[in-house]
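A.B. asks: structure, please.
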Amino acid sequence: MKCRKLITALLASVFAFSAMAAHATEGGGGAYPNGAEDTMAGAIPPSGFYYLNYLNYYTADSLRDKDGDKLPVDFKLKVVADVHRFVYVTKKQLFGGNIGVQTLIPVVYMDAKTPGGSDNAFGVGDIDFGVNLSWHSKNLHQAVALDIITPTGAYDKNDIANIGRNYYTFEPAYGISYVSDSGYEVSSKFMYDINTENNDTDYRSGQEFHFDYFTGKHIGPWTVGLGGYYYKQVTDDKQYGKTVENNDGQVLAVGPTIKYDYKNMSFHVKYQKETMVENRPEGDKYWFKFVYAF
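C.D. replies: Here you go, the predicted structure:
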């Protein structure tokens, strides 16, 4: 019965860019691509215009239940996401911090094989609009932000694979980076997601706490270290006004990160292995991130 309930929830859910998977909450995870940020995660750059590109490949071939045990089902998921992020930091200040705005536009391909059949989808996902404030000192960098993820991606409640989630997510965030005089760095970006209801399914996903992290060393133009993410659903899902039991997701991921700075650009390569997984697929993420300052 436990296995059957989890498979049923999976087949009814949405596959979305942000979660890179499905399970727990409607669509699995939240509206943020966990693990996207790494070194200098709390350091929004000075005033100017910036372009960032996140290319991510996620693959999973097992589902975990609420106890972290592998479900005996035939399941495979592959997702390729290319996310275009545009950031403009103004010279205007509020509370001593620079005011900035941003938008993220994901282009996603996914292929899913489940006990209920196979499906694939391709298209533009849910677009993110955000505002932020950032502060800088010699060693410490901090930022606060509010992002609103909008339901712009294609969605059909009868499909196994969906690019969009069909509801809004409001995400306050706080980022912090500390770099010592000798080049050692500790960074993290903390986020909390509040989801609206999916009107097509009368389903409201629970609230979620998650953070990206990095610790490493700057060596000339290179930065090397370990990073990843932690995700935990902190309130229950609801459908038709009733609580969805035993559906809260969790995951911890860790892996190596390498960054190279060249003139007004930076190149990031990283791998993240998921563990401590509950009510989600368990898989691997591969990233290439590019940053360009105009």
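A.B. asks: now residue 197: how far from residue 206?
C.D. replies: Per Cβ to Cβ, to the nearest Å, residue 197 is found 12 Å from residue 206. Just so you know, the C-beta spots here come from the backbone N, C-alpha and C atoms, and that holds for glycine as well.
A.B. asks: and the two? which has more neighbours close in?
C.D. replies: With neighbours defined as other Cβ atoms under 10 Å, residue 197 and residue 206 compare such that residue 206 has more, 22 against 16.
A.B. asks: and the residue nearest to that one when sequence neighbours are not counted, how many neighbours does it have?
C.D. replies: Computed as Cβ to Cβ, 6 or more residues apart in numbering, the closest residue to residue 206 that is not its neighbour in sequence is residue 235, at 4.1 Å. Neighbours of residue 235 under the rule other Cβ under 10 Å: 16.
A.B. asks: how much space between residue 235 and residue 204?
C.D. replies: Taking Cβ to Cβ as the measure, residue 235 falls 10 Å from residue 204.
A.B. asks: which stretch of helix or strand covers residue 162?
C.D. replies: Under DSSP states H and E, no helix or strand contains residue 162.
A.B. asks: the residue nearest to residue 206 in helix, strand or coil?
C.D. replies: Using DSSP: H, G, I helix; E, B strand; the rest coil, the structure places residue 235 in coil.
A.B. asks: thinking residue 189 is in contact with residue 37, fair?
C.D. replies: Yes: counting by Cβ atoms under 8 Å, residue 189 does reach residue 37; the two are 4.8 Å apart.
A.B. asks: tell me, what's touching the two both at once?
C.D. replies: In terms of Cβ atoms under 8 Å, 6 or more residues apart in numbering, residue 189 and residue 37 are both contacted by the residues 175, 212.
A.B. asks: more neighbours: these two, which one.
C.D. replies: Legend: neighbour count by other Cβ under 10 Å for residue 189 and residue 37, higher for residue 37 (27 against 23).
A.B. asks: any idea how far that one lies from residue 226?
C.D. replies: 14 Å.
A.B. asks: and for these two, which residues touch both?
C.D. replies: Common contacts of residue 37 and residue 226 (Cβ under 8 Å, 6+ apart): residue 214.
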